[in-house]
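>>> Output the structure for:
(chains A and B)
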Amino acid sequence: DSGVTQTPKHLITATGQRVTLRCSPRSGDLSVYWYQQSLDQGLQFLIQYYNGEERAKGNILERFSAQQFPDLHSELNLSSLELGDSALYFCASSPGVGRDQPQHFGDGTRLSIL
Amino acid sequence: GENVEQHPSTLSVQEGDSAVIKCTYSDSASNYFPWYKQELGKRPQLIIDIRSNVGEKKDQRIAVTLNKTAKHFSLHITETQPEDSAVYFCAANTNSNTGKLIFGQGTTLQVKP
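Below you'll find the model as predicted:
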């Protein structure tokens, strides 16, 4: 158990819909990261939040957005879903914002678009 | 741009043999290199990491080496066991004051009993 909690474990929805993925970081961690894992793209960095503020952005689509709340949990919102959005979405957390902080991953949310 | 290349994509070894996975990074400012193990259907699990101020780090049967000049780093697993079978990912940080990691494409390791 990494201490990072993600819900739900599975999501099945249709194209055009909107979903929200939730992540609670390990106790004491201030940074939350979101990654997408698909079969042909490997692990792709989406976005990082640190203590409520956006810190870094990767190749995150405009249809996707995220936020980190005062209690440090984070939500990733995916809208106007397309078949290609089907993937595993992982959340990770680390203690600080820095470049060399170990990141620990949650168990992921498997998103299936029908 | 930021890129991490990982080789081989698949690796099959006999139990007890050693396994080596190699990664090359493009950003000369990268200074943190973690390795993750992902079993089927599970989360990536951090198994070892190395910072650029050291050339080698060991943890029991696992070791990582770093060559900053050549911009490559490697994972070495000795005395492999069937439970080492998994996908292994290398990663590197970037030239920014963030935790953004760039991952390699992964190596599927199969350890045959």
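>>> and the helix or strand encompassing B:Tyr36, which strands flank it?
Assessed by DSSP states H and E, B:Tyr36 sits inside strand B:32-38. If you go by DSSP bridges, strand B:32-38 pairs up with strand B:45-51 (antiparallel), strand B:86-93 (antiparallel).
>>> In contact with A:Cys23: list those residues for me.
Residues near A:Cys23 by Cβ atoms under 8 Å, 6 or more residues apart in numbering or on different chains: A:4-6, A:32, A:34, A:73-76, A:91, A:93, A:106. Heads up, the C-betas are built off the backbone N, CA and C, glycines and all.
>>> How about the residues of chain B by chain A?
By Cβ under 8 Å from any Cβ of the partner chain, the residues of chain B that approach chain A are B:31-32, B:34, B:36, B:42-46, B:49, B:51, B:89, B:91, B:93-94, B:96-106.
>>> go with 7 Å
Residues of chain B lying close to chain A by Cβ under 7 Å from any Cβ of the partner chain are B:31-32, B:34, B:43-44, B:46, B:49, B:51, B:89, B:93, B:96-101, B:103, B:105-106.
>>> From the residues you listed, list the buried ones, please.
B:31-32, B:34, B:43-44, B:46, B:49, B:89, B:93, B:98-101, B:103, B:105-106 (16 or more other Cβ atoms under 10 Å in any protein chain shown).
>>> Grab the nearest non-local neighbour of A:Leu114.
A:Ala14 (5.5 Å; Cβ to Cβ, 6 or more residues apart in numbering or on different chains).
>>> repeat for A:Arg26
A:Gly3 (3.7 Å).
>>> Quick check: pLDDT value at B:Gly1.
If you check B:Gly1, the pLDDT there is 68.
>>> Quick check: residues of chain A near chain B?
A:2, A:31, A:33, A:42-43, A:45, A:48, A:55-56, A:58, A:90, A:94, A:97-108.
>>> again, 6 Å this time
A:31, A:42-43, A:45, A:48, A:55-56, A:94, A:99-102, A:105, A:107-108 (Cβ under 6 Å from any Cβ of the partner chain).
>>> re the thing from before, turn the strands paired with strand B:32-38 into CSV, including mean pLDDT and distance to A:Gly84.
Listed next are the strands paired with strand B:32-38 as CSV, based on pLDDT from 0 to 100; distance: least, Cβ to Cβ, whole Å:
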stretch, mean pLDDT, distance to A:Gly84
strand B:45-51, 96, 27
strand B:86-93, 96, 22
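>>> Nearest to B:Gln14, out of the ones you listed?
strand B:86-93 (16.6 Å; Cβ to Cβ).
>>> Other residues contacting the closest one?
Strand B:86-93 is contacted from outside by A:99, B:4, B:6, B:21, B:23, B:25, B:30, B:32-39, B:101-104, B:106-109, using Cβ atoms under 6 Å, 6 or more residues apart in numbering or on different chains.
>>> Pull the residues that contact the very next helix or strand once past that strand.
Sequence-wise, the next helix or strand downstream of strand B:86-93 (DSSP H and E) is strand B:101-103. Here strand B:101-103 makes contact (Cβ under 6 Å, 6+ apart) with A:42-43, B:2, B:4, B:89, B:91-93.
>>> Please name the strands paired to strand B:101-103 in the sheet, noting orientation.
In its sheet, and by DSSP bridges, strand B:101-103 pairs with strand B:86-93 (antiparallel).
>>> count of neighbours near B:Thr94?
22 (other Cβ atoms under 10 Å in any protein chain shown).
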